[in-house]
Every structure is written in C-alpha cells, then in structure tokens.
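>>> give me a 3D structure for the following:
(4 chains)
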4 protein chains.
Amino acid sequence: MEHPTLRIGLIGTGRIGQVHAASVADHPAAELHRIADPFVDGAQALAARHGGRPTDDAEELFTAGDVDAVIVASPTPTHVNLIARAVEAGVPVLCEKPIDLDIARVEELRPVVAGGGVPVALGFNRRFDAGFSSVRDRVEAGEIGRLEQLSIISRDPSAPPADYVGASGGIFRDMTIHDVDMARFFLSDIVEVQAIGSQMFDDGARQHDDFDTAMVTLRASTGALVTITNSRHSSVGYDQRLEAFGPDGMLQVANAPTSLVSLSTAQAVEARPPYQDFILERYAEAYAAELDAFIRLARGEASESPTFEDGRAALILADAAQRSAVEGTRVAVDLS
Amino acid sequence: MEHPTLRIGLIGTGRIGQVHAASVADHPAAELHRIADPFVDGAQALAARHGGRPTDDAEELFTAGDVDAVIVASPTPTHVNLIARAVEAGVPVLCEKPIDLDIARVEELRPVVAGGGVPVALGFNRRFDAGFSSVRDRVEAGEIGRLEQLSIISRDPSAPPADYVGASGGIFRDMTIHDVDMARFFLSDIVEVQAIGSQMFDDGARQHDDFDTAMVTLRASTGALVTITNSRHSSVGYDQRLEAFGPDGMLQVANAPTSLVSLSTAQAVEARPPYQDFILERYAEAYAAELDAFIRLARGEASESPTFEDGRAALILADAAQRSAVEGTRVAVDLS
Amino acid sequence: MEHPTLRIGLIGTGRIGQVHAASVADHPAAELHRIADPFVDGAQALAARHGGRPTDDAEELFTAGDVDAVIVASPTPTHVNLIARAVEAGVPVLCEKPIDLDIARVEELRPVVAGGGVPVALGFNRRFDAGFSSVRDRVEAGEIGRLEQLSIISRDPSAPPADYVGASGGIFRDMTIHDVDMARFFLSDIVEVQAIGSQMFDDGARQHDDFDTAMVTLRASTGALVTITNSRHSSVGYDQRLEAFGPDGMLQVANAPTSLVSLSTAQAVEARPPYQDFILERYAEAYAAELDAFIRLARGEASESPTFEDGRAALILADAAQRSAVEGTRVAVDLS
Amino acid sequence: MEHPTLRIGLIGTGRIGQVHAASVADHPAAELHRIADPFVDGAQALAARHGGRPTDDAEELFTAGDVDAVIVASPTPTHVNLIARAVEAGVPVLCEKPIDLDIARVEELRPVVAGGGVPVALGFNRRFDAGFSSVRDRVEAGEIGRLEQLSIISRDPSAPPADYVGASGGIFRDMTIHDVDMARFFLSDIVEVQAIGSQMFDDGARQHDDFDTAMVTLRASTGALVTITNSRHSSVGYDQRLEAFGPDGMLQVANAPTSLVSLSTAQAVEARPPYQDFILERYAEAYAAELDAFIRLARGEASESPTFEDGRAALILADAAQRSAVEGTRVAVDLS
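Numbering: from 1, shown residues only, chains lettered A, B, ... in the order given. Presented below is the predicted three-dimensional model:
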C-alpha cells in the first residue's frame, strides 16, 4: 500500500537544501523523511526544525527502503552519480541544476535515465513563478499571436564570492543556464546561440577569467529571437524581467515590488522602494510549486516538472554561449 | 457676407488674455481683430505679437461693427456689464469664469442672456482637456455603468499673492468653481453641497479669512456623490486628477508627466520628475479646444461650449460650499 | 512561572475567528489553547486543524485558569460582556471591532477597562498593514512635512447579504469605522465630522434604510482634513488606497496587485489583472502583525496595539457620521 | 553683414522634408528661403505653406548666393554629391541619414568634409529627444556610475512597402542605423558587433532577402555591452525604449503615452490607450531641437549636432551588423 504522504529524502543541506526542506515540511502531501549531508550537523539542524532522520551518508536513503522520492541539493559534482543511483534504486529524483558542468558526463548518463523508467526532474524553479508561467500560458493560448521576440533580463543582487565564481563553471553555466531554460520554456527548440561577455566590476570574474556582464542571443527553429541580459550585480534589487512580443501585442513581467507605497516630492514623483533583493524570497512560491509538481511526477500523475532532457538542453546552450563568447562565432546547436 | 475668418475682439490682456490671444492667432478660422485694455500698453504688446488693433476702450469693440465675437478676460467685476453689452450688440461672447462674485447680479443678468438670442459661453477650460473630456465621453457611453462616485483632486502649484486672495471671493468661488463645474460636466444636476475648509499654511488666506485647504462633497439628483479635494499649494507640481467610479469599473485621469524618464537606484525605483508645474502649460491644448468650440458656437454650429447657465450653476455651488464651510450645514441647491 | 508560549483562548469561530486561529497556530510564541463557540461544531473543527480544546461555553476560558489571553471574535452584541469578563478575570483581551453598536454601553464599560489594569486591544487590523503603517511612520518622521490632507478610499469587493446589513448598525459603524480609525492612526484628535450617503445599487441597504455609497470628511484639531470614500462594491477588486499630503510632498498606498504581468495590445497597454479580491487575503500579513503586537501587549511589553480608547473613539466618529448623514449637519466630537 | 535670420535651403520635399520645412517656419531665427525638388509640385506646395522660393533644381540653392545653410532630405543616393557640393560652396549642411548605402563612397567623401572647413551635420534626430538626451546627460553626470549595459528597443509601427525595403539597404542600414547611433551617443567607441536576423512576418523582407526582426549586440572599448531589439512592426504603437544600467542604478525611457486616462474593470486594471503611433509625432520636438542645434552649428556657435563622422560610424556599424547577421561571426570594427 502506498504511504499516505510522500516520504522525501533530502541530500544536501546548504541554502537551497534548506528551502526544499521547508517546502516539504509545508506540503500537506509530503514529509521530510531522511536528510543526508556529509556535514551531519546541517542534516541534524534541518531535522530538528522540519522532522526527518539525519545521516552523513546519502546511500542510506536508497537502501533504507522507506524513501519515496529524493531531492538532490548537494554540490554539482555529485549530481550525476546521485541521479544514476536514484534511477537504479527506482526512486524518483528532483535534482538541482546543473546536472554537471561536463556535458560528456551528462550524455553518458542520458541513456541511463532514458531507459530507467524512473522520473527525473530538474530544479528550474523559475518555470514555476506565477508571472513567468502565466505569460508562457498566455503566449501558448495565442494572446499575442505567434511569438517573435523574447527579452529576458536577469541580474543578481550582487556578485558571489570569488571562490564560488571559480568553481561555478562560469557565468553562462552558473547563471545564464536559468535564462536559457526560461527561453526554452517558451521556445523549446533553440538552434543558434551567440554571446558576448565583459569584465566590468567583479574581481572574482577577473581572477577566474570569467565574465560579470553578458548578453546572449538565441534563435529558435521557428525563427523567433531571444535576447538575454545578465549582470552579476544590481543595485536596485534582484532584477528579473521578461517580455514576450508578438504580432498582436506584448506580455511583460515586471520586477517584484517590496511595498505598495510611493513617494512624490518636488524632486521626484511616484518613487517606490527598491525591488525584492533576495533570490529565495523572490521565488519562494515558485519553489513550493516546483515541489508540488515533483510530488505529482513522483506519484505518476500529470506534471509540468522540467526533465533531465531540459537539464541537458540548458547545459548544451550554456556551453554554446561560453564558446560563442570566447571564440566570437555564432554556434549552431542540436538539442535532439 | 460672412467674413472668411471670425474677427475676434479680446478684452483684457492679463495672463489669461494672453493665452486667448495666442490661441486665436494659431486658429486657422479666427483672427485677433481688436484688443482692449485700459492699460493700453498691454493691448499694444499683444497686438504687436499676434495682430489686431489695440485700444484702451472696450466699448470700441462693440461700436466698430467689425468684431464677430468677443472674449472677455478682464477682471471679474467687469464681466456682467460686458456680457450684457455683448448681448445688446448681438456679438457672441466667451467670458472667463466667474460671471460675478455676487449671485444677485448674475440672476439679474440671466433673463437678459436668456432672451437675447446671442451665444454666451463660459471659460471652463478643463471641460476641453483631452483626459477629462474623454473620461466624460466614456462614462456617458456606459463604459463603467451608471456613475456612482466622482473624485476630483485639484491642487494649485502655489498660493496666489495675498492681494489676489483678498479680491478672489474666496477659495470656493475662485478655485473650487472649476471643480464644481467639472462635477457638473459629469452630473449636471447637483442638489446638495457640503464643504469644510482650513487655514493650514497660507498667510494670505489667514489675512482675508479665507481657506487654503478645502474639501467639498456634492450629491447629484441621481444619488451619485462627488468629492473635491483642494489645496492652494502642491510641491509635486500642478495636481489635477479625477476618478469616475461605477459598477463596472473606474476611469482615472493621472497627472501630466514632464518626462518619459525614470530613475531606479538602491534608494528608490521608478522615480520620475515632478508633474507639469504651470497651469497654462497643463491646459494649453484645452484652451485651444475651448476656443475652437466657441468659434463653432459663434458661427451657429453645434458646440459643446459651457453656457451662461453653467456659469450661474457653478457660482451657486461655490456659494453653497462657502456657506456650508462657514455654517457647518449641508446646503440644498436648486440649479433650475 | 510563565508558560513558555502564550496560551490563547479564542471566542467565536466565524470567518474572522478562523483567521485568528490560523495566525495563532503559526505564531512561534503562542498556542491555541481553548476555543469557544455556542455552535460547538465550529470550535471542534478549528481545534482539529490548529489544536486547542473546544467548548460551547466561553465562560470556561476564564475559569479554567490556563488561558493567558483571549481573542474575542464573536458577534458584536457579546463584546461588552466578554471584555468586562476578561478584565474581571485579569486576562488580556483582543476584541474585534466594534466594541458595541451602542455608545452608551461603551461609555459604561470605559471606567471598568480604565481601572482594571488589564490590557484591552481592539482589532483594527489595517493599522498593521505594511503599506499604511509605513506611510504613517514616514509622515511622523516628517517626510512630507506637517500633514494637511489625508484621502482614504475603501471599497469592499461586494455588498454583504441583506441580513448582515440589517444587523450591522449601518455602513458607518460597520465599514467606515475602519477608515475613521485609519484617520485617527494619522490624526488622533478628530474634532469635526460630516458625512453624506446614498443608496445606489444595494437592495440590502435600501431594505434596511442604510447607504451603500458614502463620503465622510473629518477635521483634526491641527486643521488637517480627511476625506473617506466608501462603497459596498468594487468590480476591480478590493479597493484600499490612501494618500497623505503635506507641504513637502505626498505618500500614496496603491492597491495590491495580483500579478507582475501586464498586457499591451493595439487596444490598450500596460493592462494588469484585477486587484486582490478577498479582504482576508489582502490583510493576511496585517492580521499576523496584529496578533504579534497583542502578544507583546499581553506579555506587558511595548506594543502598538490599538486600545479600548481607540475603539471608543472610532464608534463616536461612526455615530457622528451617521448623524451627519441623516441630519445634514456637521457634527463636533470630543474624543477625550 | 549677416542676415538677421538664417536663410535655409531645403532639398527634398517628401515626408521628412515636410517636417524640416515646418520646423524652419516655426523657428524664430530661421526662414525657409529656397526649396528644391525635381518634382517641383512638392516644392511649390511647401513654399505656399511655409514661404520660400520653389525650384526643380537643387543647384540653384548653391549658386543663388542667398542661402545660408541647406537641409538635404532627398533620396539617399543623392546625399554624397549634395554634401560635397555644399562643402565646395561653403554652405553648412544638415543631411538626413544615411550618408550613403556604400561605405566606399563615404570614405571617399570623408577627406573632402574633413578638409572643407564647412559644418556638416547628420540627421540623427533621436539624439535630440528630451528623454534620450536627458538620460545621456545624467549618465555622463555619473548618476548611475560607469555605464555597463545599454538596452535599446526600437520597433516601428508597421513594415514599409516592399519597394521601400528593396531600396533601403536592409533593416540594419535603414532602421538599426538609428539605434547604433543612439548606442554611440552613450558609448562613442564601439569595437565589436554581432547580429542576428529573422524573417517572421513581412513579405517585403522575404522578397528582398532582408530581415523584419533583428537583434544586435555591441561592445564598447570600455567593455560596456549594448543590446538592440528591432522589429518592423508593433501593434502597441511606436515602441521606443532605452535602459541605461550601471553600478548605482538604472535610467529608463518609457514609451510616449497618448492619454493620461486609464481604465480599470473586473477584467484588467490600469489599462491605458496604445502608445503614439506615428514616428513624426513621437519625435516632433526632437526635430525642432535638431534644427536648433544645426542653426547654432551653421552660425559657428557651440552645437551638439551629430557630425559627418557620426554618420560614417553608424554606417560602418550597420554594415558590420549586416555582415555578422549573414556570416554568423562577431565583427570587429575600428571607427577611428
């Protein structure tokens, strides 16, 4: 008999692992059952707050026999093995992006996932944001006609530590990967990529031969064009906007205000407080919706969870952007 | 034979007379023919700029026989006699508001105008503002259903000189009169008035026992309610807003921006420069449209010019507001 | 020894009682301990969801000796006795507005509360709304200079059932009471009230000789004026706006959007979905903050909870508005 | 002795020539003196409206000896010869963009202009738009720190006739040329260009192997990046936006509204009428300011008129965009 709530095993208790733990604890159809982190203190702290059994060994989650689904929020280099292990154990898995920084390892894993018959979801949380997903639904419904241009602006509040930059695989694989997935949310079949990057302000980027400022253009097989504007900092708050343009109009997603109050004076009118500044706060509801979709996926129900294939496609596009930025050529991609 | 352009005589060359002179000069179907001001320098200066024959004697305009219509922009105490004279001479007249500060004189003039068969228009320029008039048209067209509430905010950029306040007849007859006319533009049959005023900042108001801050509420015979918010100053620029509310929604007129530019920083986002600060600038196009309507009226064509009756009604309402503010009672009015 | 969490007794399990129950369950420093409702089913249902012991007898909460504070969310006619009982029992109480529909009963209770030494808070939840309270703080901080005009727009999504209208004490005591309290949040010493009401659309209002549409003007002892615009319906969603105006500018609270998405087409640009429609949703965070302040009050800590005196003042103002609307006179009030 | 007003000769009486004629007629320091068009009817019509002597022979303007400056608004292929002729005749010239579709002819003309000592201005009118130029001034003043990213959105109301497309030199030389000049208004030293184009909707573009949809990315020598989004149609009205982003914030230019009115209903709130639809209307004031700057240039005064060098640079960038779009490579440019 199926357990009444989905017993979830969480691997990794860093910032994003904590978000998932809280989402699971809040979800009426799930419970946090086991929590693994080699730094067992983190697992114990989360267990104390949200329930579940802490361990320093992720393998326990697969052998215990009482975990119905796992969420992988551990460091990127562990993802491929954990996904493979989950598939082997027949346990549905939601894995944070990216699958890996090395596309070769992803391609190797691909047939395993494809043949495993086990649901594998990727953590592209922005697809679950109420604004972005409603625009996508309305575009699909034909509200602005056939999509011709998509503009995505994504600027983080502030640059990460230099060490993080060094291990991140570069701005395209670390940050832009969310935006290329958002592009594919609207236009799944991207065929060309061109990108350009700059070092404008961040020492970490300079140190690690990375960019802090980037612009990417994509072409879909439909001919539609996508522009992505990225920056590692934004003094006005987390800058997350999108504009879908078609023959019949446009749909725009504005930044999230932090207040309904505006001030008007002799110097300036209708001035509002800065936008929401924290990523987890901006997408809090999206994370909850992401979990909800994954629970449905794990239960074998209809689900809009992004898949392993979406994770692979996003990495291919990020790799292409990196290559285009460095080599100065437009890069053709085949996501099939 | 009718003169190909309407030959206009202008009486009064103060600030508002200058606006009318420029409007006439710009209008393809009119010309500034004669200009009268006891301070003949003013008339000469306007004539030099826009054409026309200057004089210090307004009577000349009626005796010369070559003036097709007059615009009265002289001080309020002269209005009644000039309207009467125009009617007597059979010359269509556009007179600035108010007709007079004394309703008794207006009532005396009323049968003269009614029986004269000569078009008399009143200078309620805001009726010709693109924003206000389009909202009124859309309300009439039923876009928000039957009008239930009307909110008018009207705040001047800064208080007038104390002398002006002393001669103005008070805030209700001087300033609110525009707003009660705007109320009647939407709801012509106002039946009740209540008002309250304060002295908050202006020495001129204090000196002359007037208010610098006021709120007026009106009830129409339909039951619809109107609120008017007035202030003699506004640091954000000329504050001219309106909101029409009905069962099916609301139509709002925002303040006029001076720029398309906004600034976002870590302190405040989407801040725009202050609103238009000058009354004549804010309503420049409205004055032109007002003249255009008057020209059609003078030519015997269909015209939306406010009439003598509108001027009388506005004064009755302003008087009622004054009485209500002083006596603390709601005042019933009969505009018929 | 003080119990580690505040054990709260809830009286009344209707719509607003349910909101309080959920807020208490979510609050880390409180627990739902006892729940009373003569319809014990309601109490049992809430207990099952949020914990606590159900009863059909409110008196149990005062005799059991294990309730640290009570929240009164029962029908208005019960409020006076329950507050008196709580004071007698020495149990801090948060009571929903209004204290009573009869000011005589309130005046009778007043010395009991004043002499009782027991904290009594009134449920004016809007004071805890992030937008309104930040504007009030900024006005107090002098950001726009001395407050001259305050505009409050408050329109409910739709008219209540006719029965509710009949028992409500009329629009001023039922709905406007929130707005006069909001006025007092900015300008505590109101000295004059004038009001006007209409029957425009609601059969319930017509049946019970009440208004569905109203406008109220207040004057504070500082001379500042307040306008309140009320309607029992609003097709655009719950309409809750405020504008504070002073010599140095204005602070405005906009309606709460339901989405960050806007649509632009050849017909209209920047169109957004309607505002939040449900009162409890609009003020969800305000209810939580209200509870938080009450917990601090009950613990003897500094608290911004509105008091019995605020509840009395609001009723005096609502009564004055009712009288003014009916009699057509401005009503002087003394809130001391 | 210098003529009191600048006597202007106009060459070309098409749509843009008519705009210049009206601007000259309105300018207090200029007069329309001679008007040339091989279709002399056009010249005669303009002369009738705005004054000046019509001719079918542009050469007359240079030989008559009474023309102080010329404005060239004739078809593109005539520009090079007319600029050369003006320089030879010592007559200051304002020429519409582009100088030519063939950069070789521009390079040939370059030393002639450089050595001629005669002011040559290019008609990049958008530099004179109040919004764009104030943002540029504020960026220069350091209001958002060092410029890091510039986003330009430029969408025409509707696609031109197929014939026009065929003769236009392609979308980059015809339309984007304005946007690359705008980029250079902020970042004069552009060093890299990449572009991508699509055929999404316009038969004219398809017929002439052109694009109707394009995105261009530029890099300045400072490292700053620019994105340009172009479309040949826009159902919401003429879409002209700009966003300058730096470490201390961003400055944005919004589209020009056609009304201050918004409509809110149960379907959508704050909906406004579409944006200004006509290019000449949107930039009417910019054309006047452009003329004003040219008059100062012609008089030897300080002037912000874009120069021949700006015209050459814009064409080089447009050519590079065309090449990048077709060949798929990033193109390095040297504008020195």
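
>>> okay, CA-based contacts and neighbour counts for the rest of this
Fine.

>>> which residues does the residue nearest to residue A:50 when sequence neighbours are not counted contact?
The shortest distance from residue A:50 to any non-neighbouring residue, by Cα to Cα, 6 or more residues apart in numbering or on different chains, is to residue A:25 (5.8 Å). For residue A:25, the contact set (Cα atoms under 8 Å, 6 or more residues apart in numbering or on different chains) comprises A:31-32, A:50-51.

>>> most surrounded residue in the residues you listed?
The residue in the contacts of residue A:25 with the most neighbours, by other Cα atoms under 10 Å in any protein chain shown, is residue A:32 (27 neighbours).

>>> what sits against that one?
Counting by Cα under 8 Å, 6+ apart, residue A:32 has contacts A:7-10, A:21, A:24-25, A:50-52.

>>> sec struct for it, please.
With DSSP: H, G, I helix; E, B strand; the rest coil as the basis, residue A:32 sits in strand.

>>> neighbours of whichever residue of the stretch 1-150 of chain A sits closest to chain D, how many?
Nearest residue of the stretch 1-150 of chain A to chain D: residue A:148, at 6.8 Å (Cα to the nearest Cα). Using other Cα under 10 Å, residue A:148 has 22 neighbouring residues.

>>> quick check, it in contact with residue A:221.
No: here residue A:148 lies out of contact with residue A:221, judged by Cα atoms under 8 Å, at a distance of 11.4 Å.

>>> still on that earlier bit, with pLDDT and secondary structure added, can I get the contacts of residue A:32 in a markdown table?
Below are the contacts of residue A:32 laid out as a markdown table (pLDDT from 0 to 100; DSSP: H, G, I helix; E, B strand; the rest coil):
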| residue | pLDDT | secondary structure |
| --- | --- | --- |
| A:7 | 97 | strand |
| A:8 | 97 | strand |
| A:9 | 97 | strand |
| A:10 | 98 | strand |
| A:21 | 96 | helix |
| A:24 | 96 | helix |
| A:25 | 94 | helix |
| A:50 | 95 | helix |
| A:51 | 94 | coil |
| A:52 | 95 | coil |
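
>>> picking up where we left off before, and the pLDDT at the residue of the stretch 1-150 of chain A closest to chain D?
Looking at residue A:148, its pLDDT reads 98.

>>> next one: residue A:2
Confidence score, pLDDT, at residue A:2: 62.

>>> so how far is the helix or strand containing residue A:251 from its chain's centroid?
Element membership for residue A:251 (DSSP states H and E) is strand A:249-253. Relative to the centre of its chain, strand A:249-253 is centred 22 Å away, using Cα atoms, centre = their mean, to the nearest Å.

>>> strand partners of that strand, parallel vs antiparallel please.
strand A:239-246 (antiparallel), strand C:261-264 (antiparallel) (DSSP bridges).

>>> show me where the stretch 51-200 of chain A has strands.
Taking DSSP state E, counting those that start in this stretch to define them, one finds strands in the stretch 51-200 of chain A at A:53-55, A:69-72, A:93-95, A:120-122, A:149-155, A:190-198.

>>> can you put those in JSON lines and add distance to chain C and mean neighbour count?
Shown next, in JSON lines, are those (distance: least, Cα to the nearest Cα, whole Å; neighbours: other Cα atoms under 10 Å in any protein chain shown):
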{"stretch": "strand A:53-55", "distance to chain C": "23", "mean neighbour count": "21"}
{"stretch": "strand A:69-72", "distance to chain C": "26", "mean neighbour count": "28"}
{"stretch": "strand A:93-95", "distance to chain C": "27", "mean neighbour count": "28"}
{"stretch": "strand A:120-122", "distance to chain C": "25", "mean neighbour count": "26"}
{"stretch": "strand A:149-155", "distance to chain C": "14", "mean neighbour count": "22"}
{"stretch": "strand A:190-198", "distance to chain C": "25", "mean neighbour count": "25"}
